[in-house]
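S.K.: Quick one, structure for this:
(chains A and B)
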2 protein chains.
Amino acid sequence: MRRDADAHREGPRTVAVLGLGLIGGSLARRLAREGVTVTGYDASAQTRTQAAEAGIRVAEDVESLCASAPDVLVLAVPLRAMRPVATEVARHLPASTVVTDVGSVKGPVREVLQGCGLGDRYVGAHPMAGTEASGFAASSAELLDAARWAVTVTDRTRPEPLATVLSLVTGAAGGRAFVLTDDVHDEAAALISHVPHAFAIEMLNLVSAAPVRGMALALAAGSFRDGTRVGRTDPRRTEAMLTENAGWVAPALRLAARDLEALATALEANAATTDFFDRADDVRATWQPQGAATADTDAADADAGGAGAGGAERLSVDLEEPGWSAELVELSLAGWAVVAVHGALVELAR
Amino acid sequence: MRRDADAHREGPRTVAVLGLGLIGGSLARRLAREGVTVTGYDASAQTRTQAAEAGIRVAEDVESLCASAPDVLVLAVPLRAMRPVATEVARHLPASTVVTDVGSVKGPVREVLQGCGLGDRYVGAHPMAGTEASGFAASSAELLDAARWAVTVTDRTRPEPLATVLSLVTGAAGGRAFVLTDDVHDEAAALISHVPHAFAIEMLNLVSAAPVRGMALALAAGSFRDGTRVGRTDPRRTEAMLTENAGWVAPALRLAARDLEALATALEANAATTDFFDRADDVRATWQPQGAATADTDAADADAGGAGAGGAERLSVDLEEPGWSAELVELSLAGWAVVAVHGALVELAR
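M.R.: Numbers count the residues shown, from 1 in each chain, chains lettered A, B, ... in the order given. Sure thing, here's the model as predicted:
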């Protein structure tokens, strides 16, 4: 039942990557390294030059990128650029090309693509990978090593584009994929990424405005350093990310504000604060950060040649059987990730 | 003007450490290694055995610890144990012994010690060092390598005990010291340590209560891992720390709650959020985490034999001149740290 090291050869053979920033650039580099025929494009001439120098085949405009008739086109542009870019793509893209993206919110991207008439061949994707840096210069084929991806569907998603995207993600892209609805992804992303970014920025804001600011920064040690890490990156990029997911971020921030206010009140009143401090005890008891877990997985997978090979338990879902969509989502919520695709057969492990 | 590598030989020759947890244990190990005569005591018999096995001379009770007539007694017990411990210490300690501590809040400790009649020979101290672990088993002489310390005074602090504590901190303890008021320390600690701990816990709380909890934890990557690091430690220890500094922590939490609520409102209204995201731009532009800076300092100091030797600019303050207290505090606020003490002459660098 181990995954065949060559399984991704079943996946898409030609991929277009539109937008060659950190994630798009890293994906293009990785796919090219794995033998996929990759064509890239970026609105920035400088980025196109950098990509060409790195050995990526580069199209000179969106029209010629689409004219290469790729199996998959990956939209890797910021959400604010999505509508004009997708509109132009829709004009030129052959009907056979599957469309996916790599953005950190999924519902708003689907809305844009549906508006452009690309909705029926779109499958959302989001690799949980990144660095503080941005741009093609910071990209690398290794950034996506063994990445966990969210791949998002609706009850109208067709099996063929899903199988294509899953085989790309678990094949040449070297990842494993949870199949989710847009809403589950976007709510989770708010909690594990967008709110943490807001908190990191607020820690800096509090110190910035304090009378003891200089001394505080001089004394700051590990908890402040790690807590503010993602707050010290480009605030424009963070603002865009939170704004794009405002629908899920705002209520989470309100909950947080209420909890912190209640903690302040309890501290001032010398009242019990146990609920605040202990509420997440079950998370503490059962959850370990994925940094370590991924490293273990890497080691276990070294023999098998891919990120998807760790773990002994396996299941498969047949995309030709009715109910596959709900089944994939349910299994993902239970911790099963897609690790390979063989025809219409999706293989999951945990 | 370089600091003499043997400067700490001017410092206290005998030190008692009361409480042999992470910080007390690390300090005892380090001072013993540096040739100081160290006697330790801990309320836990198991800890006393561990310390003795590590080569620390261990007293069998507080009375005999005090009877060793140390130059300095370091209170390294939790704040909640401070009053009974200090009361017993006050009963037995010779009048010549200077008293200091290593706690993460300073005002409340001084109040307790003043109540026990130890206030006139007390100088507060707090090394900015720690790990997720606790207890003597986690202690090490290296934990305090090149640590930045806050040393706290009032306008009634006498020169002799201050010089003694500063020479201990910058000598055998291997640190550099900012001389502060209790309030400046405690407000800064709220902002750079206590609020970040509350934020880390709140990130876990939000996920813990969410319908998408399982998926969120499965997808969580770097920002959540680093943001929650100090929230995944013993919540009882964190609760004690925040409770002890409630006076400064509570208003900072209220400010944070207000800011996060305002951000939520702006996101929902699609209004400008620039103020939230950009407010700390000057901190981003001018501040680097001390992890890196400390490493540099270590390297620069290797030749000179101590943490206090980095940096070329030097100043000195004479504790026999009037106004030294305000001068030291002012220099510390301007970024100068005490790196050595020669008699009544306090040497600062930045």
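
S.K.: Break down the stretch 151-300 of chain A into its strands, ranges please.
M.R.: Ranges of strands within the stretch 151-300 of chain A are A:176-181, based on DSSP state E, counting those that start in this stretch.

S.K.: how about the nearest residue to A:R148, chain neighbours excluded?
M.R.: With sequence-adjacent residues excluded and distances taken as C-beta to C-beta, 6 or more residues apart in numbering or on different chains, A:R148 is closest to A:M128, at 4.8 Å. For the C-beta atoms, the positions are set from N, CA and C on the backbone; glycine is no exception.

S.K.: Over to A:G227?
M.R.: Spatially, and ignoring its direct neighbours in sequence, A:G227 is nearest to B:P196 (4.0 Å; C-beta to C-beta, 6+ apart).

S.K.: Relative to A:P196, how far out is that neighbour?
M.R.: From B:P196 across to A:P196, the span is 12 Å (C-beta to C-beta, to the nearest Å).

S.K.: Wait, A:V109 touches A:M82, no?
M.R.: Yes. Using C-beta atoms under 8 Å, A:V109 makes contact with A:M82 at a distance of 6.2 Å.

S.K.: so A:V77 touches A:L20, yeah?
M.R.: No. When contacts are counted by C-beta under 8 Å, A:V77 is not listed as touching A:L20 (9.6 Å).

S.K.: When the two are compared, which one has more neighbours?
M.R.: Shown here are A:V77 and A:L20; by other C-beta atoms under 10 Å in any protein chain shown, A:L20 has more neighbours (29 against 22).

S.K.: tell me the contacts of the more buried one?
M.R.: By C-beta atoms under 8 Å, 6 or more residues apart in numbering or on different chains, the contact list for A:L20 reads A:A28, A:G40, A:Y41, A:D42, A:T47, A:R48, A:Q50, A:A51, A:I56, A:A76, A:F136, A:S139.

S.K.: now A:E187
M.R.: Contacts for A:E187 (C-beta under 8 Å, 6+ apart) come out as A:W248, B:A210, B:P211, B:V212, B:A216.

S.K.: In a markdown table: those, plus neighbour count and pLDDT.
M.R.: A markdown table is the format used below for these (neighbours: other C-beta atoms under 10 Å in any protein chain shown; pLDDT from 0 to 100):
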| residue | neighbour count | pLDDT |
| --- | --- | --- |
| A:W248 | 23 | 97 |
| B:A210 | 19 | 95 |
| B:P211 | 12 | 93 |
| B:V212 | 24 | 94 |
| B:A216 | 25 | 95 |
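
S.K.: that older thread, what's the closest of the contacts of A:L20 to chain B?
M.R.: Nearest to chain B, judged by C-beta to the nearest C-beta, of the contacts of A:L20 is A:S139 at 16.5 Å.

S.K.: Skipping adjacent residues, who's closest to that closest one in space?
M.R.: Nearest non-adjacent residue to A:S139 (C-beta to C-beta, 6+ apart): A:G25, at 3.0 Å.

S.K.: Quick check: the one you found vs A:T14, distance?
M.R.: For A:G25, the distance to A:T14 equals 18 Å [C-beta to C-beta].

S.K.: Who has more neighbours out of those two?
M.R.: Shown here are A:G25 and A:T14; by other C-beta under 10 Å, A:G25 has more neighbours (29 against 16).
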